[in-house]
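Peer 1: compute the structure for the input listed below.
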Amino acid sequence: MATAPTHIAPERAAHIEVRGTDYIPDDERRGNPRALFWVWMSCNVTYLYFVIGGSLMLLGLSLWEALAISVAGNIWWLLIGWLATSGPAAGTPTVIIMRSLFGIRGNKVFGAGLGVLIGLFYEIVNIALATMASWALLDHLGIATTDIVKWASLIIVTVASFVISVFGHATILKLSPIFTAILAVCFVALAAFVLGSADFNYSVEALPPADHFAMIMLGLVIVASNPISWGTSADYARYLPTNTSKKGVIFYTALGSAIPAVLITALGAIAGTAIDMTDPQIALAEIVPGWFYLIFLGLIVLSSITNNVLVAYSTGLYFQELSARTKRWLTVVITGAAAFAASSWLLFAAPSFIDTLNAALELGVTIMCPLITVYGLDIWLRKGRYDGLELNRTDSGSKFWYTSGIYWPGMIAMVVSTAVAVMSADTTLYVGPISEALSGADLSSFVAPILAATIYVTLWRTTSPYKNVEARPAA
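Peer 2: Next up, the predicted model:
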């Protein structure tokens, strides 16, 4: 039987959050969807988008193609808003809701397991970006970046990246508007300098039609990889009341994310008409005054840390599903230590940061696309209804135990669609046979979700004995 959740005092900022993957009772729910706007804005006003925008220009695309891709690739934020609606409905985080997709045991692989790996990747990227910017900042101030100084910078950035996540949900809500305001002002100033130096008549050498199409598809994959990675949006909506408007959750989640994502990616593309975006952190010094370059480097550090706040929080929840007896704040610390170790390799041993980043983003889409597609369809098939108490049961009597702890429609959809996506991928490290047959066109971000959707819906409607495992409907 499902046990009633223990009542605890309402969460408060600057206090370590007690709740983790457990169910949030109705009397602890509060707030409205508008708060989600600032949560998602603060983590998306980030330098990573500037790098991604510059990468589009390095693919040999025209400025106007890059700008169009900046918009098209970020349409995925609407799906992330849709996924967030499952938070108030279930009162549990994403990784627990995913038990409905894969079963109690299957979720250890395709829910928690993949979630930890994806989360760690983005934690590593953010730590690396912030640390490299801190090194450049110290150099600009005339401070020698010896090995000891570099390691000290890495440690400080790592600690700063995880301390807010350790405190948890209420602290994130409290600080998000402050971070947003600081970062937005800095990016507006950066935009003024970039636009003043941009070459809007910028032209590129024409590529053969097949290569041109392949680069457009690759650009879409790179831009889409970031919103696709945020399938954890329910984590930040789960404290809202059960009857919270679904339209409000979708609107404020998607809007708060898409505005900075589109504008900063576009800004990176525009900067690519004036400077070499192979190393934008250094090249940008050519078009901004010295005093602002210091602010810019600080902007990279702060924006990377604020993005990591949400990433680290959700990764900790994913890890808690793998280690249920470990407290939420401790899972954040453990995953943070793992990210620190991997960041050390990326910073001190990897042959090329940009190449490694792009390759990982490209390959990550092959897994994340089908995952969030199946998740989004499950919400639709169940009409947005989830029994949070039942989802928190892990015994064989749970309605989400399915067949020996595995829900085969979700497992089959993921395995097949991911395999086909890998064969359709075209990255700097690997070219799949399907992509090779199509002259290098990367269709993974299109093939994977369509195939996953077809398989999951078909099996759910024809074989599932638990189609009606649902509870209170979301408004």
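
Peer 1: can you list the weak-confidence ranges in the stretch 101-250 of the chain?
Peer 2: Within the stretch 101-250 of the chain, no range satisfies pLDDT under 70.

Peer 1: okay, helices next: where are they in the stretch 151-300 of the chain?
Peer 2: Along the stretch 151-300 of the chain, counting by DSSP state H, counting those that start in this stretch, helices occupy 169-197, 209-228, 246-271, 280-283, 290-322.

Peer 1: Ser445 is nearest to which of those?
Peer 2: For these, the distance to Ser445 is smallest for helix 209-228, at 5.0 Å, taking CB to CB. For glycine as for every other residue, the C-beta is placed from the backbone atoms N, C-alpha and C.

Peer 1: helix, strand or coil for the residue of the chain most remote from its centre?
Peer 2: No residue in the chain sits farther from the centre than Gly142, which is 35.4 Å out by CA atoms, centre = their mean. Of the three states, Gly142 takes coil according to DSSP: H, G, I helix; E, B strand; the rest coil.

Peer 1: contacts for stretch 62-73?
Peer 2: With contacts defined as CB atoms under 8 Å, 6 or more residues apart in numbering, stretch 62-73 is touched by 53, 56-57, 61, 200, 202-204, 216, 219-224, 227, 262, 265-266, 269-270, 272-273.

Peer 1: ok, back up a step: looking at the helices of the stretch 151-300 of the chain, which is closest to Gly388?
Peer 2: With CB to CB as the criterion, Gly388 lies closest to helix 290-322 of the helices of the stretch 151-300 of the chain, at 14.3 Å.

Peer 1: and of the helices of the stretch 151-300 of the chain, who's closest to Ala341?
Peer 2: With respect to Ala341, and counting by CB to CB, the nearest of those is helix 290-322 at 14.4 Å.

Peer 1: and that closest one, what does it pack against?
Peer 2: helix 34-44, helix 47-58, helix 94-97, helix 114-140, helix 147-167, helix 169-197, helix 328-348 (3 or more CB pairs under 8 Å, 6 or more residues apart in numbering; DSSP states H and E).

Peer 1: helices and strands around the fifth one, which ones?
Peer 2: Right, helix 147-167. Secondary-structure packing of helix 147-167 (3+ CB pairs under 8 Å, 6+ apart): helix 114-140, helix 169-197, helix 290-322, helix 328-348.

Peer 1: contacts only, for Ala271.
Peer 2: Ala271 makes contact with Phe50, Gly53, Gly54, Val194, Ala198, Met277, Pro280, Leu284, Ile287, according to CB under 8 Å, 6+ apart.

Peer 1: quick one: which of those is most hemmed in?
Peer 2: Neighbour count (other CB atoms under 10 Å) singles out Gly53 as the most crowded of these, with 29 neighbours.

Peer 1: and the residue nearest to it when sequence neighbours are not counted, what pLDDT?
Peer 2: Counting by CB to CB, 6 or more residues apart in numbering, Gly268 is the residue found nearest to Gly53 once chain neighbours are left out, at 2.3 Å. Note for Gly268: predicted pLDDT of 94.

Peer 1: also the one 3 residues further on?
Peer 2: Turning to Ala271, the model gives it a pLDDT of 94.

Peer 1: next one: it from Leu220, what distance?
Peer 2: For Ala271, the distance to Leu220 (CB to CB, to the nearest Å) stands at 20 Å.

Peer 1: before we move on, what about Phe50?
Peer 2: Distance from Phe50 to Leu220, by CB to CB: 18 Å.

Peer 1: of the helices and strands packed on helix 290-322, which is nearest Tyr430?
Peer 2: Closest to Tyr430 of the helices and strands packed on helix 290-322 is helix 114-140 (CB to CB; 16.3 Å).

Peer 1: now the closest one: buried residues?
Peer 2: 114-116, 118-138 (16 or more other CB atoms under 10 Å).

Peer 1: same check on stretch 225-238?
Peer 2: For stretch 225-238, a neighbour-count test (16+ other CB under 10 Å) marks 225-238 as buried.

Peer 1: measure that stretch end to end?
Peer 2: 24 Å (CA to CA, to the nearest Å).

Peer 1: with stretch 24-36 instead?
Peer 2: Using CA to CA, one end of stretch 24-36 lies 18 Å from the other.

Peer 1: and the contacts of it?
Peer 2: 5, 7-8, 10-11, 19, 84, 88, 91-92, 173, 176, 236-242, 244-245, 248-249, 251-253, 256, 388.

Peer 1: can you do 7 Å?
Peer 2: Outside stretch 24-36, the residues within contact range by CB atoms under 7 Å, 6 or more residues apart in numbering are 5, 7, 10, 91, 173, 236-242, 244-245, 248-249, 252-253, 256.

Peer 1: show me which of these are buried.
Peer 2: Buried among the contacts of stretch 24-36 by 16+ other CB under 10 Å: 5, 91, 173, 236-240, 242, 244-245, 248-249, 252-253, 256.

Peer 1: and of those residues, the nearest to Val420?
Peer 2: Checking the buried ones among the contacts of stretch 24-36 against Val420 by CB to CB gives Thr253 as the nearest, at 29.2 Å.

Peer 1: check contacts around the spatially closest residue to that closest one that is not a sequence neighbour.
Peer 2: With CB to CB, 6+ apart as the criterion, Thr253 has its nearest non-adjacent residue at 3.9 Å, and that residue is Gly81. Applying CB under 7 Å, 6+ apart to Gly81 gives the contacts Ser233, Val249, Ile250, Phe251, Thr253, Ala254.

Peer 1: in a markdown table, list those residues along with distance to Pro433.
Peer 2: Formatted as a markdown table, the contacts of Gly81 follow (distance: CB to CB, whole Å):
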| residue | distance to Pro433 |
| --- | --- |
| Ser233 | 34 |
| Val249 | 41 |
| Ile250 | 38 |
| Phe251 | 41 |
| Thr253 | 37 |
| Ala254 | 35 |
